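>>> No sequence on hand, only this structure:
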């Protein structure tokens, strides 16, 4: 069976990083500027794809041979992935609710929302670092040469 996690994993990373970059660029725009709405849409898409990525990773791990030394890193990766997925989803839904309510008009409300996105990037980086170690340090999911 083809593992889905490697196919999905880069999509939420790209969506969420792009959303954060647009958000930072939109700090100088007016409250109801289009880039802010685009960033919200990207965060929501990233949050949705994070859910699929998380569950595909859990399912793929069941089918892969994981070296004994890598089990602790797998657990760390799962924990960071779950925290990241929950955080990004809560942040995205909160952001959408604030946008719909019209409360994102002042800079004092907008700055913490942008900061929340940056925190999400930090969580994403922590998760990705552990996933990268699984592949590049332990060879998890990499076919052995024939």
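Thanks, I have it. All values reported here derive from a predicted model rather than from experimental measurement. Residues are numbered from 1 along each chain as shown.

>>> From here on, just use CA atoms for contacts and neighbour counts.
Will do.

>>> per-residue confidence averaged over the helix or strand hosting residue 119?
Here residue 119, judged by DSSP states H and E, is contained in helix 107-136. The average pLDDT within helix 107-136 is 93.

>>> tell me what that helix is packed against?
Identification of packing neighbours for helix 107-136 by 3 or more Cα pairs under 8 Å, 6 or more residues apart in numbering; DSSP states H and E yields helix 10-25, helix 71-101.

>>> Please name whichever of these is nearest to residue 142.
Between residue 142 and these, the tightest spacing by Cα to Cα is seen for helix 71-101, at 14.9 Å.

>>> Quick one: list the elements packing against the closest one.
Where contact means 3+ Cα pairs under 8 Å, 6+ apart, helix 71-101 is packed against helix 34-63, helix 107-136.

>>> circling back: most tightly surrounded among the helices and strands packed on helix 107-136?
Most buried of the helices and strands packed on helix 107-136, by mean neighbour count (mean count of other Cα atoms under 10 Å): helix 10-25, with a mean of 19.

>>> So what touches that helix?
If you take Cα atoms under 8 Å, 6 or more residues apart in numbering as the criterion, helix 10-25 is touched by 35-36, 38-40, 42-43, 45-47, 49-50, 53, 114, 117-118, 121, 124.

>>> could you flag which of those residues are buried?
Buried by 16 or more other Cα atoms under 10 Å: 35-36, 39-40, 42-43, 45-47, 49-50, 53, 114, 117-118, 121, 124, out of these.
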